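Participant: With the input below, show me the fold.
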Amino acid sequence: MTLKVVGAGFGRTGTKSLKAALAQLGFGPCYHMIELHENLDHLVYWQEAMETGRTDWDALFEGYEACVDWPAAYYWRELTAFYPDAKVLLSVRSADSWLKSIQATIFPTLHGLFDMPPGILRDRREMTYEIIARRTFEERLDDRGYLIAAFNRHIEDVQNEIPGDRLLTYDVAEGWDPLCDFLDVDVPQTAFPSTNTTAEFQERARERDRAASAANKT
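Facilitator: Numbers count the residues shown, from 1 in each chain. As a prediction, this is how the structure comes out:
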């Protein structure tokens with residue numbers, strides 16, 4: 001199996017809703033950061049990619065038809081080259097709303113790295129910190145102007161490098177129609193998925209931290 005859809009959008013641009021939507025449209029399972037939380041054996045592939053810029057993408061994405069969100073989105077250039085027939089989804093939203101969301105969700109979990117004991121869960125968090133905090137945002141997680149500029153620059157980079165017939169710049173608020181038209185599939189007669197709100201993300205993060213803490217005490 002090979003990836004049919006590569007998601008290039010930053011986290012907190014509706015990627016978990018998009019994961020569910022793609023699966024419903026027949027492009028699933030769809031790889032998302034949550035897959036790494038549930039499959040820690042994937043970590044070695046991402047660590048290799050961080051060190052060398054490449055890994056065994058086919059082995060990592062075995063069984064998946066699409067990917068969205070970090071860490072895959074960080075490697076959008078590598079993945080779109082490796083899977084030349086895959087369509088590219090650039091998920092977006094307003095820069096202000098994205099910044100508010102990411103500062104209330106992902107960034108606090110990155111800071112939490114420094115409170116974790118050694119182990120694979122810390123290794124996973126370190127990989128995430130490296131890709132998002134260091135390599136994407138140069139650890140300037142409180143610099144509003146820099147973050148918004150980085151968000152907008154990323155969008156421009158993808159739009160400039162991916163041919164228009166292969167790319168959809170997409171806000172999940174647009175619903176099914178543009179996505180289904182791009183993927184050449186029928187529009188479902190159900191509401192577009194809406195999941196992973198800020199409150200849901202925060203509660204899930206607390207549950208993971210509680211589970212990790214309990215595991216470290218055993």
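Participant: Quick one: find the helix or strand in the protein with the lowest mean pLDDT.
Facilitator: helix 198-217 (a mean of 52; mean pLDDT, DSSP states H and E).
Participant: which residue is nearest the centroid of this structure?
Facilitator: The centre of the chain sits closest to D69, judged by CA atoms, centre = their mean, with a distance of 1.0 Å.
Participant: dump the residue contacts of it.
Facilitator: G7, G9, G11, T15, K16, K19, H32, M33 (CB atoms under 8 Å, 6 or more residues apart in numbering). All C-beta atoms are positioned from the backbone trio N, CA, C, and that covers glycine.
Participant: Identify the farthest-apart pair in the residues you listed.
Facilitator: Greatest spatial distance in these: G9 and M33, 12.4 Å, computed using CB to CB.
Participant: quick one: which of those two has more around it?
Facilitator: Neighbour count, other CB atoms under 10 Å: between G9 and M33, G9 has more, with 29 against 20.
Participant: where does the more buried one fall, phi/psi-wise?
Facilitator: phi -80, psi 150 (degrees, to the nearest 10).
Participant: Setting aside sequence neighbours, what's the nearest residue to it?
Facilitator: Once flanking residues are discounted, G9 sits nearest to S91: 3.1 Å by CB to CB, 6 or more residues apart in numbering.
Participant: repeat for P178
Facilitator: P178's closest residue in space is Y170 (CB to CB, 6+ apart), at 6.1 Å.
Participant: confidence score at that neighbour?
Facilitator: Y170 is assigned 98 on the pLDDT scale.
Participant: and it, how far is that from D143?
Facilitator: 27 Å (CB to CB, to the nearest Å).
Participant: Nice, that's everything, thank you.
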